[in-house]
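Undergrad: Pasting a predicted model and its sequence here:
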Amino acid sequence: MRRRLKKAERQGKVLQTIRENSVETQEDLAILLQKAGFDVTQATISRDIKELGITKTPTGNGRYRYVLPKEKAFEDSKERVRRLFQDSVISIDSSENLIVIRTLMGNAHAVAAVIDDMGIPRIVGTIAGDDTILVVVKPKSAVISVMEKLNRLRLRSDG
C-alpha cells in the first residue's frame, strides 16, 4: 500500500508540474520532480506520462511541450471546430425558434455532435440527417445570437 501512495503522490506531482511549467522533455520533468523530492528515473517518467495520458503539443516556435489531456483537447478543440464548420457547413438559416444548417453530404452528424459538445445554453438540442441539422433554440429571441455564434465559426481567419 505504501508503494501505491508514493506512485499516486508522484503522478499528482507530475500533473501539477506540467500544469505549472513549460516542460519540453522527460529530462526536464525528471529534474523538476527531483527538485521536489521525488527520486525518479527516465523509465518511471515515461510510464507516468503514458498512464496519465500526457501528450506533447507544438508551442509555435518549432518546439514542443507536454500538456495534460484536457489542456490538449481545449487547445485543439477550437481549431478543429472552426475547421469542421469551414469545410462542412454550406448554409445557416432560421425560422422561429429553429435553426437549419445545411452541410456537405454525410457531415451533418459530425457538425451536430460538435454543436452539442459546445454546450451553448440556449440550444435545447439538435437532430441530424445526412446533410441537414435542425437546431432547436429556446427562447425564440436567442436564435439571432446563436446563429451569429455558429456563423463566426464559418469565418476564415486567414483572410
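TA: Now that the structure is in, tell me what you want to look at. Residues are numbered from 1 along each chain as shown.
Undergrad: right, and residue 138 touches residue 121 too?
TA: No. Contact criterion CB atoms under 8 Å: residue 138 and residue 121 do not qualify, at 9.6 Å. (Glycine included, C-beta is placed from N, CA and C.)
Undergrad: Tell me who's in contact with residue 29.
TA: Contact analysis of residue 29 by CB atoms under 8 Å, 6 or more residues apart in numbering lists 14, 17, 18, 23, 45, 49, 66.
Undergrad: how many neighbours does the fourth one have?
TA: For residue 23, the neighbour count with other CB atoms under 10 Å is 21.
Undergrad: Kindly report the same for the last one.
TA: Taking other CB under 10 Å as the neighbour definition, residue 66 ends up with a count of 24.
Undergrad: In a helix, residue 57, correct?
TA: No. Per DSSP: H, G, I helix; E, B strand; the rest coil, residue 57 lies outside any helix segment and is strand.
Undergrad: Which strand residues bridge it?
TA: residue 65 (DSSP bridges).
Undergrad: Cool, thanks, signing off.
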